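Undergrad: give me a 3D structure for the following:
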Amino acid sequence: MADPVRVMLETGKKKRVVACAFDWPGWDRSVRFGHDVLTLLDAYRPRYARVAEMAGLGAEFGVTGDLEVVEEVEGIGMTDYYGVSGRAAAAEHEPMSDTECERKIALLQACWRTFDVMAASVSSELRRGPRGGGWEKERIISHVNGAEIDEFAPKVGVTVPLDTRDDPDALRAYRDAVVDGIRRHHARGEPARSWALPFLIRRCAWHMLDHAWELEDRDLTRSPA
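TA: Now for the predicted structure:
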């Protein structure tokens, strides 16, 4: 039988719940109370399968089983406001093996590539609607890369100017530095400041994929999802 996909549910105080498939960084989804978050998470399985394939883990992902809730935690303000996981799963506090660290790095790198491919391929103007808001394509790209530079990378000792996001060569070098920083922290058994290292990887991966899928959903050359 296929191994189940371990899921943590993070429930906000007022309006949202997030489901996190924490062994597969970036595969997190959220809904308002009264909606089935596991159904939504499972609906994104084919989309995440493309990420896993890009990471060289397509075969492993292809034999994953049903979703299984193994942990439920209370969310934070960002859980309600942004639909983002703000807490690490218990398993993310456990030491990673070298193999697991490299596996999660490969998935993070695949999330970067997924975002880059989507950003380069979608229409210059984006569809409005529930998944839309007011942000245009260039602002989304700037926000995603800038947030990682400002908020996430310093947690593994990587600090670069914000305008790194505007230079493709500098951005590639920066991402290599982030990978090196993750590996250094892992080798030393150090957290990413106040965050567990696997949680940092998951948050970075989620942010990339959440906006990559937003771009895909709002692309005027595709039918609405």
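Undergrad: from here on, contacts and neighbour counts on C-alpha atoms
TA: Noted.
Undergrad: which residues of the protein score low on pLDDT?
TA: Confidence mapping of the chain against pLDDT under 70 gives the ranges 129-134, 224-225.
Undergrad: which segments of it make up each domain?
TA: Domain assignment of the chain by automatic domain parsing yields the ranges 5-91, 95-218.
Undergrad: now render those as CSV, adding mean neighbour count.
TA: Below are those laid out as CSV (neighbours: other C-alpha atoms under 10 Å):
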stretch, mean neighbour count
domain 5-91, 18
domain 95-218, 18
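Undergrad: would you tell me what the next helix or strand after the helix ranked longest in the chain is?
TA: The longest helix of the chain (DSSP state H) is helix 98-121. Sequence order places helix 137-147 as the next helix or strand after helix 98-121, per DSSP states H and E.
Undergrad: I'd like the next helix or strand past that next one.
TA: Defined by DSSP H and E, the subsequent element after helix 137-147 is helix 168-188.
Undergrad: what helices or strands is that next one leaning on?
TA: On a contact count with 3 or more C-alpha pairs under 8 Å, 6 or more residues apart in numbering; DSSP states H and E, helix 168-188 meets helix 98-121, helix 197-218.
Undergrad: how about residues contacting the first one?
TA: Contacts with helix 98-121, where a contact means C-alpha atoms under 8 Å, 6 or more residues apart in numbering, come from 24-26, 51-52, 54-56, 137, 141, 179, 183, 186, 198, 201-202, 204-205, 208-209, 211-212, 215-216.
Undergrad: can we see that at 6 Å?
TA: By C-alpha atoms under 6 Å, 6 or more residues apart in numbering, the residues outside helix 98-121 that reach it are 51, 54-55, 205, 208-209, 212.
Undergrad: want to throw these into CSV with distance to Asp98?
TA: Conversion of the contacts of helix 98-121 to CSV gives the following (distance: C-alpha to C-alpha, whole Å):
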residue, distance to Asp98
Val51, 21
Met54, 20
Ala55, 16
Ala205, 19
Met208, 24
Leu209, 24
Ala212, 28
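Undergrad: and those, which two are the farthest apart?
TA: Spatially, the most separated pair among those is Ala55 and Ala212, at 16.0 Å (C-alpha to C-alpha).
Undergrad: which SSE is the residue lying closest to Leu41 once chain neighbours are set aside in?
TA: Using C-alpha to C-alpha, 6 or more residues apart in numbering and skipping residues adjacent in sequence, the residue nearest Leu41 is Arg29, 5.5 Å away. Element membership of Arg29, judged by DSSP H and E, is strand 28-32.
Undergrad: and the angle for that strand with helix 197-218?
TA: 70 degrees (axes from the mean of the first three to the mean of the last three C-alpha atoms, to 10 degrees).
Undergrad: packing partners of strand 28-32?
TA: On a contact count with 3 or more C-alpha pairs under 6 Å, 6 or more residues apart in numbering; DSSP states H and E, strand 28-32 meets strand 16-20.
Undergrad: residues contacting Ile182?
TA: With contacts defined as C-alpha under 6 Å, 6+ apart, Ile182 is in contact with no residue.
Undergrad: from Val144, how far out is it?
TA: In this view, Ile182 and Val144 are 19 Å apart by C-alpha to C-alpha, to the nearest Å.
Undergrad: go on, His211?
TA: The value you get for His211 to Val144, if C-alpha to C-alpha is used, is 7 Å.
Undergrad: again, but for Gly75
TA: 23 Å.
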